[in-house]
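> Predicted coordinates and the sequence they were generated for:
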Amino acid sequence: MRTNVAIFFSLLAIYLANGRAHPEVDCLAAPYEAWSLAKHASLDLRGYPRFAFLLGYHVLECPDGTWASRRPPGTALTALPVIAPLALLRNAPPRETSMDQLGKVAAAMMVAAAGVFFFLVCRRIAPEGAWPALILFSLGTCLWSVASQALWMHGPATLWLCVALYLLTHTCADRPLISAGAGLALGLAVLARPTTGLFGAATAVTLLVHQRWRVAWLALGAALPLGFLCVLNTIRFGSPLMGGYTVDNWQETPPLWLGLGGLLVAPSRGLFVYSPALLLIPVGMRMLRRSDSPAFHVRGLFITWLAAAGATVLFYARWYEWRGGWCFGPRFLCETMPILCLLFALAYTALRAVWQRWAAWGMIALSVVVHFAGVFGYSGYQEWQRRHALADQGRCLFTLHDSQIEAHFRAVVGNFTGTARPKP
């Protein structure tokens, strides 16, 4: 217990250390929705002038006249325990920068809690790799540079996926209440970010293939959040499944090579560029095949979750805005980090030579340094984004010249020496 508490507060301190939030338009509504829920038992955003300029795309006017964020409500619901105490003590929300900071605190707490649950799963599955995998998961991925820095959907979605993994790998996982709890966690993940439904489907397939009829309890646990989301989407947007995403450009898709290559290897978006330690994933995949692997008893679950991660990558590779808008790194892949970093933990256990483990630690360190630059090189963020806001479907993100990581490192050095200047 002491270790878990220490992990949580250590990560929380690191996430808050830069002293400011890094919000984008996707993050603005969730803190106010949580505030409105606590104050008025409503998700209506009409009482907040900040959202008038977002009306029409990011905020939609419902048939009853209310203003609704087009994004699912799971982020606001998960943030409610953090924001509600202040909402109940004040008549009006604080100024906008303070609300952004409050959202960041909620997001940082979610990602730190996700780190604790991830560590517990690692200790159960691959204890030798638990600590290096935790550092990679929490500090060497976009969970640090994006999800913990503002109230995106990624923090709560990843938290609930980690809770689900913790319950699904529990020694008492066959008990009905544990299965229902895992289903509830998976449903809450979908309530925050619908594409995580791929991991719920993967879990159901695993249980059905192994003829474990606790899938019924899993479905029962997921039914409440999923039913709530479908009803809310129907009332607000007229579509139970599409919800607020009906306004997106579903007809435009980039070439597969562009989206897939961009998400994986582009110098200014690629997963293996921003988190090079994940290059050891193939070693972890080989470990799943071995009968002496510590994860052999959950091999089926891990394989289907890996397939769900692959489907997530393909989905966003075909998304018209595969870049994820203004952000640092491949934020769309945050929800794949639990299973990918668990495979890294398995890979680490397979490394026996001292030099191999030192090389793995070097890759972890490099991953952490990249995301350190993303967090502390924020002064170079906006100018770089403007330089690369081109109508080329993201092709400019493949160039080695003026990459995002380079721009952030330049800003870190400039901030440290007091000579920070935006690049013309």
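In hand now; what should we look at?

> contacts, neighbours, all on C-alpha from now
OK.

> Return the distance of the nearest residue in space to residue 300 that is not next to it in sequence relative to residue 223.
Closest residue to residue 300 apart from its sequence neighbours, by C-alpha to C-alpha, 6 or more residues apart in numbering: residue 206 at 6.1 Å. The spacing between residue 206 and residue 223, counted by C-alpha to C-alpha, to the nearest Å, is 18 Å.

> Neighbour count for these two, which is higher?
Under the criterion of other C-alpha atoms under 10 Å, the comparison of residue 206 against residue 223 puts residue 206 first, with 21 against 17.

> tell me the SS of that one?
Using DSSP: H, G, I helix; E, B strand; the rest coil, the three-state assignment for residue 206 comes out as helix.

> That one touches residue 301, doesn't it?
Yes. In this structure, residue 206 is within contact of residue 301 by C-alpha atoms under 8 Å, at 5.8 Å.

> Okay, buried residues for the helix or strand hosting residue 367 please.
Remark: residue 367 resides in helix 354-376, with elements defined by DSSP states H and E. Within helix 354-376, the residues that count as buried by 16 or more other C-alpha atoms under 10 Å are 357, 360-361, 363-376.

> Low-confidence bits of this structure, can you list those?
For the chain, the stretches flagged by pLDDT under 70 are 291-292, 419-424.

> just the strands in it please.
Here the chain has its strands, by DSSP state E, at 59-61, 67-69.

> Please convert these to TSV, extending it with distance to residue 36 and mean neighbour count.
Formatted as TSV, those follow (distance: least, C-alpha to C-alpha, whole Å; neighbours: other C-alpha atoms under 10 Å):
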stretch	distance to residue 36	mean neighbour count
strand 59-61	15	20
strand 67-69	11	24
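
> what helices or strands is the helix holding residue 367 leaning on?
Contacts of helix 354-376 with other secondary structure elements, assessed using 3 or more C-alpha pairs under 8 Å, 6 or more residues apart in numbering; DSSP states H and E, are made with helix 130-139, helix 271-274, helix 404-417.

> Mean neighbour count added to those, as TSV?
Formatted as TSV, the entries for the helices and strands packed on helix 354-376 read as follows, by neighbours: other C-alpha atoms under 10 Å:
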stretch	mean neighbour count
helix 130-139	25
helix 271-274	23
helix 404-417	20
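
> Could you save the ones you listed as JSON lines and add columns showing distance to residue 318?
Output for the helices and strands packed on helix 354-376, formatted as JSON lines (distance: least, C-alpha to C-alpha, whole Å):
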{"stretch": "helix 130-139", "distance to residue 318": "26"}
{"stretch": "helix 271-274", "distance to residue 318": "16"}
{"stretch": "helix 404-417", "distance to residue 318": "22"}
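
> before we move on, the earlier item: what would the strands of the chain look like in a markdown table with distance to residue 79?
Converted to a markdown table, these look like this (distance: least, C-alpha to C-alpha, whole Å):
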| stretch | distance to residue 79 |
| --- | --- |
| strand 59-61 | 19 |
| strand 67-69 | 15 |
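
> Figure out which of the ones you listed is closest to residue 33.
Comparing the strands of the chain against residue 33 with C-alpha to C-alpha, the closest turns out to be strand 67-69 (8.4 Å).

> Partner strands of the closest one, with direction?
Applying DSSP bridges to the sheet, strand 67-69 is found paired with strand 59-61 (antiparallel).

> Please name every helix or strand in contact with the longest helix along the chain.
Assignment by DSSP state H gives helix 96-125 as the longest helix of the chain. Judged by 3+ C-alpha pairs under 8 Å, 6+ apart, helix 96-125 is in contact with helix 2-16, helix 29-40, helix 74-89, helix 130-139, helix 154-168, helix 337-350.

> angle of the first one against helix 354-376?
Think helix 2-16. Computed by axes from the mean of the first three to the mean of the last three C-alpha atoms, to 10 degrees, the angle separating helix 2-16 from helix 354-376 equals 50 degrees.

> And helix 2-16, what's buried?
7-8, 11-12, 15-16.

> picking that back up, out of the strands of the chain, which is closest to residue 294?
Closest among these, once you apply C-alpha to C-alpha, is strand 67-69, at 43.6 Å.

> In this structure, which residue is most central in space?
In the chain, the centroid-proximal residue (C-alpha atoms, centre = their mean) is residue 154; its distance is 2.9 Å.

> doesn't residue 195 make contact with it?
No. Contact status for residue 154 versus residue 195: not in contact, 10.8 Å apart, counting by C-alpha under 8 Å.

> any idea how far residue 35 is from the closest residue to residue 29 other than its chain neighbours?
Excluding its sequence neighbours, the residue lying closest to residue 29 (C-alpha to C-alpha, 6+ apart) is residue 69, at 6.4 Å. In this structure, residue 69 and residue 35 are 14 Å apart, going by C-alpha to C-alpha.

> Provide a list of residues in contact with the closest residue to residue 77 other than its chain neighbours.
Using C-alpha to C-alpha, 6+ apart and skipping the chain neighbours, the partner closest in space to residue 77 is residue 34 (6.3 Å). For residue 34, the contacting residues are 43, 76-77, 79-80, 83-84, by C-alpha atoms under 8 Å, 6 or more residues apart in numbering.

> switch the cut-off to 7 Å
For residue 34, the contacting residues are 76-77, 79-80, 83, by C-alpha atoms under 7 Å, 6 or more residues apart in numbering.
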